[in-house]
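In: Mind looking at a prediction? Sequence and model below.
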Amino acid sequence: MRRKLALLDVALAGILVLLGFRAREVWLSARQRETRVLGQTVRPEKMPPLPAPPPVAPLMAASYADVAIKMLFARDRNPTVIIDPVAAPPEKPMPALPVAYGTFFLGEPSIILAPAGGAQRRYIPGQNIGDFKLLAFDAQTVTFEWNGKKVERRMDEIMAKPSDAPKPGTPAPAAPAASSSASVASLGSVATSGPGVDIGGGFRGCSAGDATPSGTVQNGLRKVEIATPFGKSCRWEPVK
């Protein structure tokens, strides 16, 4: 038993000796590394000089105008005067539209109209009737111009009703003309020659009182007159 203990003591002593040698080696290695690190000479690098600071602007009283103008507890307070907008004047009411009594498409298209409280007569596009200007019309709609605006209505909306019959003494509408000379008298316009308004399909109507003979060619159009039971039908058609 004592022999085993003695061997154990010898083994422990050997381990302690080995640990001592190992600790001394680590310590010597650390000392050598420390000597190498501390013995190095570090050359300082040359750094560029720092830029000069910007000059300080002098104090200006105008820079603190907001402090004097605005109130600390009311950010909406400022010297700007807000002027109330001026209300636009009310738009002028549109007068009553002319009353329609019929249309004619033989020769130069025309329509029989009567202004409010006025007599009826035949009009062609471009003529004025009271405060309105006749722009265009067909069998379904009529387009006027009033105060720079286009006013379009269906024909049945402005067609004369029994209550719109002319009062006694009001001239009756002119009857359909049987000839070009009668059309001039009913329209009361100055006679002109040459093609009239565009009636579609490249055709143009004849101007009221146009005395140009049939077959005349102007601006690539030929005047054609056709006899009908209601008088002469006149138009200008393209020359083929």
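Out: Okay, I see it. Numbering: from 1, shown residues only.
In: Tell me where this structure is predicted with low confidence.
Out: Residues of the chain that meet the criterion pLDDT under 70 lie in 68, 71-72, 74-78, 162-193, 199-201, 208-209, 227-232.
In: care to break it down by domain?
Out: 99-163, 180-238 (automatic domain parsing).
In: Same list (the ones you listed) but as CSV, adding mean neighbour count and distance to residue 39.
Out: From N, CA and C alone the C-beta is placed, and that goes for glycine too. Formatted as CSV, the entries for the domains of the chain read as follows, by neighbours: other Cβ atoms under 10 Å; distance: least, Cβ to Cβ, whole Å:
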stretch, mean neighbour count, distance to residue 39
domain 99-163, 16, 101
domain 180-238, 15, 110
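In: Looking at strand pairing, list the partners for residue 217.
Out: residue 222 (DSSP bridges).
In: so it touches residue 240, yeah?
Out: No. Contact between residue 217 and residue 240 fails when scored by Cβ atoms under 8 Å: they sit 11.5 Å apart.
In: Now render the domains of the chain as a markdown table, adding distance to residue 66.
Out: Supplementary listing: those in a markdown table, determined by distance: least, Cβ to Cβ, whole Å:
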| stretch | distance to residue 66 |
| --- | --- |
| domain 99-163 | 48 |
| domain 180-238 | 68 |
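In: On the three-state scheme, residue 21 is what?
Out: Three-state secondary structure (criterion: DSSP: H, G, I helix; E, B strand; the rest coil) places residue 21 in helix.
In: gap between it and residue 213?
Out: Going from residue 21 to residue 213 by Cβ to Cβ, to the nearest Å gives 144 Å.
In: what ranges do the helices span in the protein?
Out: Secondary structure of the chain (DSSP state H): helices located at 2-39, 65-69, 155-158, 180-187.
In: will you turn those into TSV that also has distance to residue 103?
Out: Below are these laid out as TSV (distance: least, Cβ to Cβ, whole Å):
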stretch	distance to residue 103
helix 2-39	115
helix 65-69	71
helix 155-158	8
helix 180-187	14
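In: what's the most buried one of those?
Out: Per-stretch averages of neighbours, counted by mean count of other Cβ atoms under 10 Å, single out helix 180-187 among the helices of the chain, with a mean of 18.
In: Touching, residue 130 and residue 117? I think so.
Out: No. In this structure, residue 130 sits apart from residue 117 without contact. The criterion is Cβ under 8 Å, and the distance is 9.3 Å.
In: Noted, bye for now.
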